[in-house]
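Visitor: requesting a structural model of the entry that follows:
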Amino acid sequence: MGRRKISIAPIKDERNRQVTFLKRKNGLFKKAYELGVLCSADVAIIVFNANGKLFE
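Guide: Presented below is the predicted three-dimensional model:
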C-alpha cells in the first residue's frame with residue numbers, strides 16, 4: 001500500500017504561502033545543519049523568497 005499522489009499547485013492565500021515558506025525553510029536549514037554535523041562537511045544553502053529577500 002503506497003502513498004497517494006499529491007497535486008502540486010501554487011498556494012493562493014498570501015498569508016498561508018508565507019507561513020508554509022517559513023516552515024519549509026526552517027526545516028531545510030535544520031536538515032542541512034544535521035547533514036553537516038553527521039558528515040563533518042560544510043553545507044551551504046541560499047534561498048530567495050518571492051520578494052527577492054536572501055536567506056543564508
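
Visitor: neighbours of residue 3, how many?
Guide: Residue neighbour count, defined by other CB atoms under 10 Å, stands at 5 for residue 3. C-beta coordinates here come from the backbone N, C-alpha and C atoms, glycine included.

Visitor: helix or strand: which one has it?
Guide: For residue 3, there is no helix or strand it lies in under DSSP states H and E.

Visitor: ok, it - contacts?
Guide: Taking CB atoms under 8 Å, 6 or more residues apart in numbering, we find residue 3 in contact with no residue.

Visitor: mind checking pLDDT for it?
Guide: Note for residue 3: predicted pLDDT of 84.

Visitor: over to residue 37?
Guide: As summarised for this prediction, residue 37 has a pLDDT of 97.

Visitor: contacting residues around it?
Guide: Contact analysis of residue 37 by CB under 8 Å, 6+ apart lists nothing.

Visitor: surely it is in a helix?
Guide: Yes: going by DSSP: H, G, I helix; E, B strand; the rest coil, the assignment for residue 37 places it inside a helix.

Visitor: now the element after the one helix or strand residue 27 maps to, going C-ward?
Guide: In the assignment (DSSP H and E), residue 27 maps to helix 14-39. Next helix or strand after helix 14-39 toward the C-terminus (DSSP H and E): strand 47-48.
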